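Participant: A structural model of the following input is requested.
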Amino acid sequence: MPLELGHTIVGVKPHVFLIALVLATGPAFGADSLHFYFGGALGRSTLRTQNLTLTTTAVGFATQSPSVRLDQRNTGWKVQLGARPLSLVGAEVEYVDFGDFTTSGALGREHDYVSYYATSHARAAAAFGVLYAPLPLSFLDAYAKAGAARIHTNTRAIGTFGCLTNCPLFGNASFDRNETTTRFAYTLGAQMKVGALALRGEYERISIGTGSPDLLSIGAIWSF
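Facilitator: Next up is the predicted model:
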């Protein structure tokens with residue numbers, strides 16, 4: 001007699017049998033019990049600020065300075081909270097502070113110049129999906145994260161402007177950009193697990209048009 005869905009199998013209803021089958025085969029797909037983790041990291045950050053053009057005013061005459069590009073390194077840090085419901089898939093949120101950056105210099109054109117002192121600070125809140133590589137070593141993970149970051153960048157510069165030839169032009173130069181935007185972010189990392197503790201190394205970058213900050217860090221997470 002052909003088996004129909006409305007029948008039972010040895011007294012077990014079909015939907016109960018299917019649920020039991022899924023639960024029994026779950027480990028074959030790499031499923032783990034859900035666990036959460038938190039941690040932090042410290043490392044070397046880089047901030048790149050492009051198209052920083054100072055507005056100069058001299059004796060009622062306004063002009064634009066040559067573009068200034070900032071490419072500075074400092075110490076950055078971040079804190080993280082994540083979940084890993086499956087051995088190959090997870091999710092994570094974080095707050096990252098790329099640090100304070102300062103630089104100074106001078107730029108000249110054919111007939112004028114500007115000297116400046118600039119500061120910049122970038123920080124972001126981000127959310128990621130995490131994909132783990134299927135490595136044969138249970139204590140070692142390699143992973144990639146991709147998501148969105150809400151980044152706030154504050155860049156200011158002050159300076160002086162004057163002529164390279166005999167002329168009466170001399171005055172102040174300034175720049176002020178206070179920007180908050182949402183951009184694509186990604187991370188490449190590896191971790192070594194010892195019980196509930198894992199030591200991590202990560203490279204993280206946020207892609208923004210005015211210069212993409214990044215952080216190369218070493219940290220630790222604790223699973224619970």
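
Participant: Count the neighbours of Ala133 for me.
Facilitator: Applying other C-beta atoms under 10 Å, we find 11 residues neighbouring Ala133. Using the backbone N, CA and C atoms, a C-beta is placed for each residue, glycine as well.

Participant: what does the one 10 residues further on give?
Facilitator: Residue neighbour count, defined by other C-beta under 10 Å, stands at 21 for Tyr143.

Participant: For this structure, which residues score under the pLDDT cut-off?
Facilitator: Residue ranges of the chain with pLDDT under 70: 1-32, 50-52, 54, 56-69, 108-112, 164-170, 209-211.

Participant: Which residues does Cys163 form beta bridges with?
Facilitator: Asp112 (DSSP bridges).

Participant: Tell me which stretches of the chain form helices.
Facilitator: 14-25 (DSSP state H).

Participant: Show me the strands in it, by range?
Facilitator: 31-58, 61-86, 89-108, 112-132, 140-163, 170-194, 197-206, 214-223 (DSSP state E).

Participant: Summarise which helices and strands the last one is packed against.
Facilitator: The contact analysis (3 or more C-beta pairs under 8 Å, 6 or more residues apart in numbering; DSSP states H and E) places strand 214-223 against strand 31-58, strand 61-86, strand 197-206.

Participant: what about 6 Å?
Facilitator: strand 31-58, strand 197-206 (3 or more C-beta pairs under 6 Å, 6 or more residues apart in numbering; DSSP states H and E).

Participant: ditto for the third one
Facilitator: For strand 89-108, the packing partners by 3+ C-beta pairs under 6 Å, 6+ apart come out as strand 31-58, strand 61-86, strand 112-132.

Participant: Pull out the buried positions in stretch 129-143.
Facilitator: Using 16 or more other C-beta atoms under 10 Å as the test for burial, stretch 129-143 gives Val130, Tyr132, Asp141, Tyr143.
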